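K.L.:
Let's see this in three dimensions:
(chains A and B)
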Amino acid sequence: MTTRVNLVLPALLLLAALLALTVGPDGVSLGLLADAFAGADPAASIILLDIRLPRIIAAALVGAALGLCGAALQALTRNPLAEPGILGVSAAATLGATLTLYFGLAAVLSWALPLGAIGGALLVTALLASAAVRTQGMASLILIGVGLSSLCGAVMALILNFAPNPFSLSDLINWTLGSVANRSLADVATTAPLILIGCALLASQRANLSLLSLGEAAAVAHGLDARRTRIAVIAGTGIATGAAVALAGAVGFVGIVAPHLVRPWTRHDPGRTLLPSAWLGALLLVLADLLVRLLPTQNELRLGVVAALAGAPIFTMIVLRRGRTGHD
Amino acid sequence: MTEPLILDGLTVHAGGKTLLAGVSTTLAPGEFTAVVGPNGAGKSTLLRALAGIVPAQGSMRLGDTDLRALRSIERARRIAWLPQSHELAWDMRVADMVALGRFAYGATPGRLGAADRAAVAQAMETAGCTALADRSVTSLSGGEQALACLARVLAADTPVLLADEPAAALDPANQYRALETLTDLARSGRTVVAVLHDLSLVAQFADAILWLGRGRLVAHGPATRNAFAHHVPALFGREPAFAEDGSNALYFRRA
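P.N.:
Sure, this is the predicted structure:
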């Protein structure tokens, strides 16, 4: 069944990407796709290759990174509510990114913003992982995450407060809302390798994360190198989430919703949940971005806003269901 | 599978306290050794130190192999540990959870070789939980979970098996089944060490007893009536009564 879900989800993602390429205010028919890619129709080429394609790839990369990070964090903490957004990892990455914007580093060095985002994400993930070792309770870890998220939010508010001009303020606010609009292929090319490195690191922990479902002590007795696993998941989550935030700003809830939805098809095995969560995360964000583009709103809705509007009720539903049944 | 487990000065410190102080003894292969002592005597700590879960000082060898020098995966091929409580986080299928016992051989629930599949099936058969294979672990009763976890540990197919209160969550029939299984494993040449609180079970199943008190090894010897008569009052402060059939079966009378 896991194999099937790993075939069906990429196929659906491909279909969604084709749909997103061809649907929009200036619709481009499937027939024109080939012309656009061949450069025969300059207008279609600009719409497809410079506007739609980068944002589709960005949405897919960010969705895959967040889905995978959510699944890996949940497996590491043995907690179905763990996710980069809820645990404050995204907020810390956003703070790291805005700090580079605020101090003007991002304008001077193209790598400053991704590095700032990754640094913030790594710091908070490491704090959370050390807290997860000391606290057994699911609620305490979530509360620590909420606390860290609030702290990052407070520092963000401070930075916004001291923003030198309205343009800086607008730039800074962009990172808090999350969007893949107006991303170029160059933006994607800068962050994609980092996202892929982070994802590869997480995927390499597949077997270890399955074993961790027994609890750390039993997993260690069965041969797990717990320290190395923890470091790999922290580094993978920090790099992938940080790079995803550098590309799209903060987009929440994908990391909790994607693993939750795929688990019935992966026999609830944390290791086998990783890859399908990445596929579904990518699919969800490509579709959400398509929705954002098609909704007839005066200003384009931000992707992060749509993800939160759709994800928060699902998060609440999971908490309520866990309260009733005691498990996921 | 016939190498003795040799401990020399095994010591565990945690939180400024000494939980285990200089335990030196040799656990023979082919024997079922019960670890007996009052609460807080260091019984579970001894097993956790042997399984590599808590850091320990002193020497631990399996024959000529220094266990402390082994990588975690190599150690897990030699020593399996059945914990006292089972923390099963996800709704995994029982067969998949048991398959996690094959981790040290490079297997995962989604990638099992023929040898792994055979070991998992055999372990579930031995533990008596084959019928539970397709159930989700969180839907099991405490006793069923204990049997499934025993199967997982058996799937690891190690020469040394450590069990921390393997009978605690089980009904009498399953208690005897689990202990008969452990005894059979010892008879097949494995070193089986189990923490047991029920002294009547110890009396019936154990070949040898490791008596622990306040983190120290009080004695290690055969499970004889004399050993019970001597160590039980000293460690537990109560006189045991013995069955009149001459066996080791013992019980306590209320004060």
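K.L.:
what separates residue B:135 from residue B:10, distance-wise?
P.N.:
In this structure, residue B:135 and residue B:10 are 39 Å apart, going by C-beta to C-beta, to the nearest Å. All C-beta atoms are positioned from the backbone trio N, CA, C, and that covers glycine.
K.L.:
More neighbours: which of those two?
P.N.:
The residue with the greater number of neighbours, taking residue B:135 and residue B:10 and applying other C-beta atoms under 10 Å in any protein chain shown, is residue B:10; the counts read 22 against 16.
K.L.:
And the strands in chain B?
P.N.:
Taking DSSP state E as the criterion, chain B carries its strands at B:5-14, B:17-27, B:32-36, B:57-62, B:65-66, B:79-82, B:160-164, B:191-195, B:208-213, B:216-222, B:241-242, B:250-251.
K.L.:
Which residue ranges of the stretch 51-200 of chain B form helices?
P.N.:
Ranges of helices in the stretch 51-200 of chain B, per DSSP state H, counting those that start in this stretch, are B:72-76, B:94-99, B:114-127, B:142-155, B:172-187, B:199-205.
K.L.:
For those helices, state which one has the densest average packing.
P.N.:
With neighbours taken as mean count of other C-beta atoms under 10 Å in any protein chain shown, the helices of the stretch 51-200 of chain B reach their highest mean count in helix B:94-99, at a mean of 27.
K.L.:
re earlier: compare the strands of chain B and give me the one nearest chain A.
P.N.:
Closest to chain A of the strands of chain B is strand B:79-82 (C-beta to the nearest C-beta; 3.9 Å).
K.L.:
residues touching residue A:243, list them.
P.N.:
With contact taken as C-beta atoms under 8 Å, 6 or more residues apart in numbering or on different chains, residue A:243 is in contact with A:65, A:114, A:117-118, A:191, A:194-195, A:198.
K.L.:
Top of these by number of neighbours, please.
P.N.:
residue A:65 (37 neighbours).
K.L.:
Could I get the pLDDT score of the residue of the stretch 101-250 of chain B found nearest chain A?
P.N.:
Going by C-beta to the nearest C-beta, chain A is nearest to residue B:104 of the stretch 101-250 of chain B, at 4.0 Å. Residue B:104 is assigned a predicted lDDT (pLDDT) of 94.
K.L.:
so it sits right up against residue B:77, yeah?
P.N.:
Yes - distance between residue B:104 and residue B:77: 4.8 Å, which falls inside the contact criterion (C-beta atoms under 8 Å).
K.L.:
Check the contact lists of those two and give me the overlap.
P.N.:
Among the neighbours of residue B:104, those also in contact with residue B:77 (C-beta under 8 Å, 6+ apart) are A:223, B:156.
K.L.:
With neighbour numbers in mind, choose between these two.
P.N.:
Taking neighbours as other C-beta under 10 Å, residue B:104 and residue B:77 compare with residue B:104 leading, 22 against 17.
K.L.:
Please name the residues that touch the more buried one.
P.N.:
A:222-223, B:73-74, B:76-77, B:156.
K.L.:
re earlier: out of the helices of the stretch 51-200 of chain B, which is closest to residue A:287?
P.N.:
helix B:94-99 (31.0 Å; C-beta to C-beta).
K.L.:
which outside residues touch that closest one?
P.N.:
For helix B:94-99, using C-beta under 8 Å, 6+ apart, the contacting residues are A:213-214, A:267, A:269, B:88, B:107-109, B:112, B:116, B:120, B:123-124, B:129, B:132-137, B:140, B:148-149, B:151-152, B:155.
K.L.:
One more: stretch A:99-115?
P.N.:
Contact partners of stretch A:99-115, identified using C-beta under 8 Å, 6+ apart, comprise A:96-97, A:116, A:120, A:159, A:162-163, A:168, A:171-172, A:175, A:190-191, A:194, A:242-243, A:246.
K.L.:
List only buried entries from those.
P.N.:
Buried residues within the contacts of stretch A:99-115, counting neighbours by 16 or more other C-beta atoms under 10 Å in any protein chain shown: A:96-97, A:116, A:120, A:159, A:163, A:168, A:171-172, A:175, A:190-191, A:194, A:242-243, A:246.
K.L.:
of all of the stretch 51-200 of chain A, which residue lies closest to chain B?
P.N.:
Among all residues of the stretch 51-200 of chain A, residue A:78 sits closest to chain B, at 3.9 Å; criterion: C-beta to the nearest C-beta.
K.L.:
Could I get the phi/psi values of the nearest residue to that residue once chain neighbours are set aside?
P.N.:
The shortest distance from residue A:78 to any residue other than its chain neighbours is 3.9 Å, reached at residue B:89 (C-beta to C-beta, 6 or more residues apart in numbering or on different chains). Backbone torsions of residue B:89, given as degrees, to the nearest 10, read phi -80, psi -30.
K.L.:
Go ahead and confirm residue B:89 touches residue A:216.
P.N.:
No - the pair formed by residue B:89 and residue A:216 falls short of the contact definition of C-beta under 8 Å, at 10.7 Å.
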